[in-house]
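Trainee: sequence and predicted structure are below.
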Amino acid sequence: MKGSDDAACQQRQMAVFSIDLEGEFRAYNAAFCGLLGYSSQELLGRDFSTLFASMEKSEDQPLRRSILTVTSKQGDYHSRLFAQPKSGAGFPVQFFATLLRDFASKPIGVIAVVVPSSS
């Protein structure tokens, strides 16, 4: 039974990444790389918003600016987005982002969790 529990835990591993305040990838876990089909080398320093699209047709500003602005002002951001994996076969996700601060409470980046969702 323990072996099947371990396999279930690995399948449920959350896809997590962090970006700097400019929106460039700084860190990500294997689940995130696997979910979107990119290698670590392909992601590092890349603009995160190139891998996501808004599901809202009336988005007034670019997704990157929208997420970074809301996260900076409110501390967090949540939305359904459309993931754009390397394979090209996009899919809906729940996107949760939280502002990261240093010990002096200065914003230093954003950490995000991406969870595939049903359409």
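Mentor: Perfect, thanks for sending it.
Trainee: right, and D76 touches L100 too?
Mentor: No. Applying Cβ atoms under 8 Å as the test, D76 and L100 come out as separate, 11.0 Å apart. Every residue, glycine included, has its C-beta placed from N, CA and C.
Trainee: these two: which is more packed in?
Mentor: Ranked by neighbour count (other Cβ atoms under 10 Å), D76 and L100 place L100 first, with 17 against 12.
Trainee: how close does that one get to P107?
Mentor: As judged by Cβ to Cβ, to the nearest Å, L100 and P107 stand 7 Å apart.
Trainee: would you mind writing the CA trace of the one helix or strand F25 maps to as PDB?
Mentor: Here F25 sits within strand 25-28, counting by DSSP states H and E. Extracted in PDB, the C-alpha atoms of strand 25-28 (Å, rounded to 0.1, in the frame of the first residue of the first chain):
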ATOM      1  CA  PHE A  25      11.300  32.800 -14.200                       C
ATOM      2  CA  ARG A  26      13.800  32.300 -11.300                       C
ATOM      3  CA  ALA A  27      12.800  28.900 -10.000                       C
ATOM      4  CA  TYR A  28      10.300  26.100 -10.700                       C
END
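Trainee: what are the buried residues along the longest helix out of those in the chain?
Mentor: The single longest helix within the chain, with elements called by DSSP state H, is helix 63-74. Of all the residues in helix 63-74, those buried under the rule 16 or more other Cβ atoms under 10 Å are L63, R64, S66, I67, L68, V70, T71.
Trainee: distance from the chain centre to that helix, please.
Mentor: Its chain's average C-alpha position is 13 Å from that of helix 63-74, according to Cα atoms, centre = their mean, to the nearest Å.
Trainee: where's the closest residue to N29 other than its chain neighbours, which helix or strand?
Mentor: Distances taken as Cβ to Cβ, 6 or more residues apart in numbering put V16 closest to N29, at 5.0 Å, once the chain neighbours are dropped. In this structure, V16 sits in strand 15-19 according to DSSP H and E.
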